[in-house]
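# Give me a 3D structure for the following:
(one chain, ligands or ions: 1)
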Amino acid sequence: MVATKIDGRAFAETVRQDVARHVAQLRSDHGVTPGLAVVLVGEDPASEVYVRNKGKQTRECGMASFEHKLDAATSEAELLGLIDRLNADPSVHGILVQLPLPLHIESNKILNAIDPAKDVDGFHISNVGLLGTGQKAMVPCTPLGCLMLLRHHHGKLDGLNAVVLGRSNIVGKPMAQLLLRDNCTVTIAHSHSRDLESIVRSADIVIVAVGRPEILTGDWIRPGATVIDVGINRIERDGKTKLVGDVHFDSAADMAGAITPVPGGVGPMTIACLLANTLTACCRAKGLPEPSSLTA
Ligand SMILES: Nc1nc(=O)c2c([nH]1)NC[C@@H]1CN(c3ccc(C(=O)N[C@@H](CCC(=O)O)C(=O)O)cc3)C=[N+]21
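Presented below is the predicted three-dimensional model:
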């Protein structure tokens, strides 16, 4: 291994401390407590772990956490009713509806029903449009976390070749927008891209968000490149369940200049950015100055 391991867990801890400090100040100066509502429909064990972690970290930062666990058979209309109530609730500054939703519910309809000002996931079409046109938006947590790690590691990203593998609405597309805003030359590549190998080899920065275990190996990586692994895949190996990324860590670490591990890389940053976004949403709702170190 020649690469520097980018410690997302440690960096997320500093972000959370920053959030906690601002939250304490909001309370003492203005009597305001930011609140985050997390909605989970159905019983996916992995999702329940994430929701529990989000609730715990929200409270640890001094914010209020509201958890809504709904039955898998909840109708779209019932879920829309809950969103309406959360939109109207002044103690709720951020709303996150855990994805994926059951198939009988149309995700886009739900995401677009969330008040854009409370859309801490940044998935509402208004926020997508604002980000795409360079206006002030709520920025999706995972890409924001990746950007914070990249800025911290590289400093200025100006002029770098950035390749984003994956074109999802939750990671690939918003990630590309953020990198473009920081003056990278951005390529979004995906399963239909021709000559993927040479595209990846051109990258100073590779962000991998395709959802396939260990699909990117070291032989494609330009020596010294920075590799950000967004994948979280649970696989069976040697009779044990193991968490691996979309990057084959050992081979990639022999080529890369810096690389994020899984676990302990992007994942913890995602939750830290959710807390940061909740604080930002609260400040905007109250017309108070927002902490600039916590936004894109
Ligand atoms: N509306 C919505 N917004 C989300 O942000 C969202 C979602 N839906 N659905 C599910 C995914 C998944 N997700 C993760 C967050 C943190 C870790 C995380 O902290 N992972 C730890 C390991 C956790 C473990 O051990 O399982 C790590 O990478 O170190 C993982 C996954 C957010 N998601």
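
# Every contact and neighbour count from this point should use C-alpha atoms.
OK.

# Per-residue pLDDT of A296, please?
For A296, the model assigns a pLDDT of 86.

# Let me fix that, I meant to ask about G264.
98.

# tell me, how many neighbours does it end up with?
A total of 16 residues lie near G264 under the criterion other C-alpha atoms under 10 Å.

# Repeat that for T226.
29.

# now do K69
By other C-alpha under 10 Å, 14 other residues sit near K69.

# and what of the one 4 residues further on?
Around A73 there are 11 other residues, counting by other C-alpha under 10 Å.

# just checking, K109 is part of a helix?
Yes: under DSSP: H, G, I helix; E, B strand; the rest coil, K109 falls within a helix.

# start the count at 19, not 1, going forward
Will do, 19 is the new start, and the previous item becomes K127.

# separation between it and H40?
Going from K127 to H40 by C-alpha to C-alpha, to the nearest Å gives 33 Å.

# Those two: who's more crowded?
H40 (18 against 12).

# Need the three-state assignment for the more buried one.
Using three-state DSSP, the structure places H40 in helix.

# Do you have the helices of the stretch 69-218 of the chain handy? List them.
94-106, 125-129, 143-150, 159-172, 190-199, 214-219 (DSSP state H, counting those that start in this stretch).

# closest to the ligand out of these?
helix 159-172 (6.2 Å; C-alpha to the nearest ligand atom).

# Pull out the buried positions in that closest one.
C159, T160, P161, L162, G163, C164, L165, M166, L167, L168 (16 or more other C-alpha atoms under 10 Å).

# Helix or strand with the lowest mean pLDDT in the protein?
Every helix and strand in the chain was compared by mean pLDDT, DSSP states H and E; the lowest is helix 63-78, with a mean of 92.

# Grab the CA positions of that one and hand them over as PDB.
Taking C-alpha atoms only, helix 63-78 is exported to PDB below (Å, rounded to 0.1, in the frame of the first residue of the first chain):
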ATOM      1  CA  PRO A  63     -32.500  -4.400   8.700                       C
ATOM      2  CA  ALA A  64     -29.700  -2.300   7.200                       C
ATOM      3  CA  SER A  65     -32.000   0.800   7.000                       C
ATOM      4  CA  GLU A  66     -33.000   0.400  10.600                       C
ATOM      5  CA  VAL A  67     -29.300   0.400  11.600                       C
ATOM      6  CA  TYR A  68     -28.700   3.700   9.700                       C
ATOM      7  CA  VAL A  69     -31.900   5.300  11.100                       C
ATOM      8  CA  ARG A  70     -30.800   4.400  14.600                       C
ATOM      9  CA  ASN A  71     -27.300   5.800  14.000                       C
ATOM     10  CA  LYS A  72     -28.700   9.000  12.600                       C
ATOM     11  CA  GLY A  73     -31.000   9.400  15.600                       C
ATOM     12  CA  LYS A  74     -28.200   8.800  18.000                       C
ATOM     13  CA  GLN A  75     -25.800  11.200  16.300                       C
ATOM     14  CA  THR A  76     -28.500  13.900  16.000                       C
ATOM     15  CA  ARG A  77     -29.100  13.800  19.700                       C
ATOM     16  CA  GLU A  78     -25.400  13.800  20.500                       C
END
